[in-house]
Structure formats: C-alpha cells, structure tokens
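1. Fold the following, please.
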Amino acid sequence: MQWSLYLLILMGQCCFFTCRLYEYHFIAENKSWSEAQRYCREKYTDLAKVFDMTDMSRLRNSTQNQGEAWIGLNNNTGGNRTWHWSLPGVEYIQNDSSWNLNGRQKWEPYPGNCGRKRDKLADVSCDKTMWFICYDEKKKDKKAMYLIKEKKNWTQAQNYCRSNYTDLASGLDQVDGEEMEALFVGSVMSVWIGLFRDSWRWSDGSNFSFRYWDMQLFNDKQSNKTCAMTLLNRSGKWSSDECDKGKPFFCYDEKLILMKENKTWEEALDYCRAFHMSLVSITNPYQQRWVEERAKNASSPFVWLGLRYSCTLDLWFWINDKVVCYEKWSRGGKTEECGRAVGMQSGGQHEWVSQRDNETYNFFCFK
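-> Coordinates of the predicted model:
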C-alpha cells in the first residue's frame with residue numbers, strides 16, 4: 001500500500017518537472033556582433049542559438065526589450081551553402097538515390113535552395129508556389145502527414161505547417177516512407193517538403209536547422225548584412241544587419257556537460273554530484289534533441305543518462321525521483337533487470353538502450 005501511494009505521488013509529479021539544459025541571458029549593452037560573441041564566451045557559453053519555437057518563446061520572455069538584439073547566427077562562410085531539414089533535430093544526410101539530378105553530375109551546383117518532392121527530390125526556387133506536406137508530431141495514430149492543397153511558396157508553407165501542425169515533412173524516413181507514398185497514389189504532383197539550404201552558421205558550431213526569418217525585412221542577397229538579429233517588436237522574427245553595428249544581444253549558458261571519460265554508472269553519478277549537480281534527466285523531446293547534439297561528440301558508443309531500473313519499485317525512474325514521462329527506447333533495448341541503467345547511443349538515432357551499470361561510458365552531467 002505504501003509503495004502504491006508512493007507511485008501515485010511520483011506519477012502526479014512527473015509531467016510537471018522540467019530541468020532546463022540551458023538558460024538565455026539578455027545583455028542590454030550595445031556591442032558589435034563580434035564583441036557580443038566575445039562577451040558571451042567569456043561570461044557564459046556563447047551567443048544564443050535557437051533550436052525551435054519553444055526556444056523562441058523562452059528567448060522573448062527573457063527580456064522586456066522591444067528592439068533588435070544579436071543572436072549567434074552569421075553568414076560569414078563565403079557563400080558555402082549546406083542542406084538542412086526544417087524539423088528541428090532531423091539531420092540531413094546526403095543520399096543521391098533520393099534526388100532527381102536531371103542529368104547533372106554530382107559535383108554540379110544546385111540551382112534552387114528549397115526542396116520539393118515528386119517521385120524524387122529536386123531543388124527549385126523557394127519563390128515557386130505549390131501544394132505541400134505537413135507533419136504532426138503530436139499524432140499518436142498512424143496518420144501524421146497531411147497534404148495541404150493550397151499553393152504557397154516554401155516559406156509560407158513552412159509557416160502554415162508550424163502554425164497548424166509541427167513542421168514541413170522532414171527527413172528521408174518521412175518523405176520516402178509509406179505514408180508519404182499513400183498521399184501520391186493516383187496523382188503526379190510536386191509538393192514542398194522541409195528541405196532547404198543556406199550559408200548561415202551558429203557561433204558555437206551547432207548544426208541547428210531552425211530559422212525564423214521575417215521575409216518582409218530579410219534579404220539573403222545583401223552581402224554586407226551577415227549577422228542575424230531577432231526583432232523583438234515583430235514576434236521575435238529574425239533579420240540581418242551589418243556586423244559592426246552596436247546592438248544588445250542574447251547569450252546562452254549551457255547547463256549540460258559531456259564528460260569524455262569512461263566510468264560506470266555509479267561512478268558517473270558520484271562524479272556529477274561531487275562536481276556539478278547530477279546525471280542529466282530527459283523529460284521531453286526538446287531536451288532529447290538538445291542532448292543528442294552533444295552526444296555526437298562522445299568518445300564511447302553510449303553515454304550514461306540519469307535513468308535507472310528499480311527492482312524494488314519494478315519501474316524505471318530518474319535519479320531525481322521522477323518516473324519516465326518521455327522515452328526514446330531502441331527496439332529491444334529496454335531490459336527490466338536489476339543493475340540496469342540507460343545509455344543513449346552516441347550515434348545513429350540516439351536511442352536509449354539499457355546497459356549493465358558496471359559498463360564504462362562517457363556521461364552527461366547537469367550543472
């Protein structure tokens with residue numbers, strides 16, 4: 001009876017808990033973009049990066065200022081453009097068999113900066129208008145993609161999907177999958193998907209694909225405006241300006257630390273508690289994606305998280321005494337036995353796999 005009551009208390013608490021893996025700080029001093037970058041790196045982690053719309057809300061809520069402020073995105077890459085998927089956390093991996101190269105050689109430049117899908121992928125001008133495919137991450141049933149029969153350019157289509165669903169369909173698993181094929185049955189059409197390329201990069205080197213341009217003000221062809229700013233008086237949307245202009249700015253402070261030394265789960269927990277706060281807990285998909293970015297730099301095949309199996313309670317629980325509200329187990333990776341803890345894959349899909357807690361891996365501390 002006591003354990004049942006304890007479980008009910010835990011279950012009632014679990015979905016209300018969030019640990020923020022990073023914090024935003026608004027600095028109300030006018031500095032050039034480079035000066036702001038140097039300040040953030042000295043005082044915090046770096047100029048602010050933005051992963052998704054949740055981050056944008058947090059960024060705006062961290063200040064009452066209604067002007068312009070630098071963020072950590074810049075276009076000082078000499079025009080070197082790379083492809084991204086619109087949906088945060090989906091990594092672009094080149095697969096020539098998915099593309100219609102129209103007789104071009106693989107090394108030849110692509111003429112357009114947005115991706116459309118018919119039988120194959122093709123790169124076309126983002127200003128073209130066509131139907132598009134939205135993806136809904138919240139759907140629990142099999143139907144997660146929707147054909148929107150309205151002609152819009154790529155940016156308009158992206159805004160529509162983000163407002164009404166989650167995002168444009170992104171990743172080869174989605175755009176080459178069975179559900180996408182079912183939308184094309186009996187018709188030959190071209191539709192927008194969440195594929196775009198640009199030459200913008202984040203200050204800390206992250207590969208985050210999220211963009212939030214105000215297309216009425218933003219002109220990617222203005223070669224002298226190579227630093228990004230958020231327009232707090234326009235819903236936080238972004239534009240660009242000359243990097244030597246003085247503006248206030250946003251820094252971010254990383255709370256997640258990847259320790260590149262191999263320890264058992266217990267040793268990792270003791271280390272994190274001694275020098276930081278604890279092993280990291282993941283309670284939602286946004287935190288999962290943030291941790292995935294860091295896991296790519298690990299030197300072991302798995303990275304310990306703060307999740308362990310309790311033989312006494314017969315359940316998995318986070319070391320902060322919260323039961324599992326969100327999970328990303330690999331197929332067959334959940335083994336409910338004594339002496340088991342969770343390692344996240346450092347590569348691939350970054351799924352969770354139960355491991356014997358005396359194995360030695362890198363680990364994540366939360367500070």
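2. which residue sits closest to residue 290 in space, ignoring its chain neighbours?
-> Once flanking residues are discounted, residue 290 sits nearest to residue 21: 5.2 Å by CB to CB, 6 or more residues apart in numbering. C-beta coordinates here come from the backbone N, C-alpha and C atoms, glycine included.
3. Verify the contact between the one you found and residue 256 for me.
-> Yes - the criterion here is CB atoms under 8 Å, and residue 21 meets it with residue 256 at 4.6 Å.
4. Residue 286 and residue 54 touch, don't they?
-> Yes - assessed by CB under 8 Å, residue 286 is found in contact with residue 54 at 5.5 Å.
5. which one of these two has more residues nearby?
-> Ranked by neighbour count (other CB atoms under 10 Å), residue 286 and residue 54 place residue 286 first, with 19 against 13.
6. who touches that one in this structure?
-> Counting by CB atoms under 8 Å, 6 or more residues apart in numbering, residue 286 makes contact with 51, 52, 54.
7. How about the secondary structure of it?
-> helix (DSSP: H, G, I helix; E, B strand; the rest coil).
8. For residue 292, see how far away it is.
-> If you measure residue 286 against residue 292 using CB to CB, to the nearest Å, the figure is 11 Å.
9. Tell me, how many residues neighbour the residue nearest to residue 290?
-> Residue 21: 19 surrounding residues under other CB under 10 Å.
10. do residue 243 as well
-> Neighbours around residue 243, by other CB under 10 Å: 21.
11. I figured it was touching residue 223, is that so?
-> No - counting by CB under 8 Å, residue 223 is not a contact partner of residue 243; they are 11.8 Å apart.
12. In the stretch 51-200 of the chain, where is pLDDT below threshold?
-> Applying pLDDT under 70 to the stretch 51-200 of the chain flags residues 101-111, 139-142, 185-186.
13. before we move on, back to that, any residues in contact with both of residue 21 and residue 256?
-> With CB under 8 Å, 6+ apart, residue 21 and residue 256 have common neighbours 280, 290, 291, 366.
14. count of neighbours near the first one?
-> In terms of burial, residue 280 registers 30 neighbours under the definition other CB under 10 Å.
15. doesn't residue 367 make contact with it?
-> No - assessed by CB under 8 Å, residue 280 is found out of contact with residue 367, at 9.7 Å.
16. which neighbours do the two share?
-> In terms of CB under 8 Å, 6+ apart, residue 280 and residue 367 are both contacted by the residues residue 256.
17. Please identify the buried residues of stretch 156-166?
-> In terms of neighbour count (16 or more other CB atoms under 10 Å), stretch 156-166 has its buried residues at 156, 157, 158, 160, 161, 162, 165, 166.
18. Filter these down to the ones in strands?
-> Nothing among the buried residues of stretch 156-166 maps onto strands, per DSSP state E.
19. OK, contacts around residue 316?
-> 307, 308, 309, 310, 323, 324, 336, 342 are the contacts of residue 316 under CB under 8 Å, 6+ apart.
20. now the helix or strand it falls within: how far from the chain's centre is it?
-> Using DSSP states H and E, residue 316 sits within strand 315-318. From the chain centre to the centre of strand 315-318 is a distance of 25 Å (CA atoms, centre = their mean, to the nearest Å).
21. now for the helix or strand residue 84 falls within, which elements pack on it?
-> Using DSSP H and E, residue 84 falls within strand 82-85. For strand 82-85, the packing partners by 3 or more CB pairs under 8 Å, 6 or more residues apart in numbering; DSSP states H and E come out as strand 191-198.
22. Tell me which helix or strand comes right after the strand it packs on.
-> Taking DSSP H and E, what comes next after strand 191-198 is strand 201-202.
23. what helices or strands is that following strand leaning on?
-> Strand 201-202 packs on strand 68-74, going by 3+ CB pairs under 8 Å, 6+ apart.
24. rewinding a little: next step: the contacts of residue 286 restricted to helices.
-> Secondary structure assignment by DSSP state H places residue 54 of the contacts of residue 286 in helices.
25. for the contacts of residue 286, which one is nearest residue 112?
-> Nearest to residue 112 among those: residue 52, at 25.0 Å, using CB to CB.
26. what residues are up against that closest one?
-> 88, 210, 286, 289.
27. pretty sure the first one is in a helix, no?
-> In other words, residue 88. No - counting by three-state DSSP, residue 88 falls outside a helix, being coil.
28. give me the number of residues near it?
-> Residue 88: 22 surrounding residues under other CB under 10 Å.
29. just the helices in the stretch 151-300 of the chain please.
-> 154-164, 172-175, 178-183, 265-275, 285-295 (DSSP state H, counting those that start in this stretch).
30. Right, I'll leave it there.
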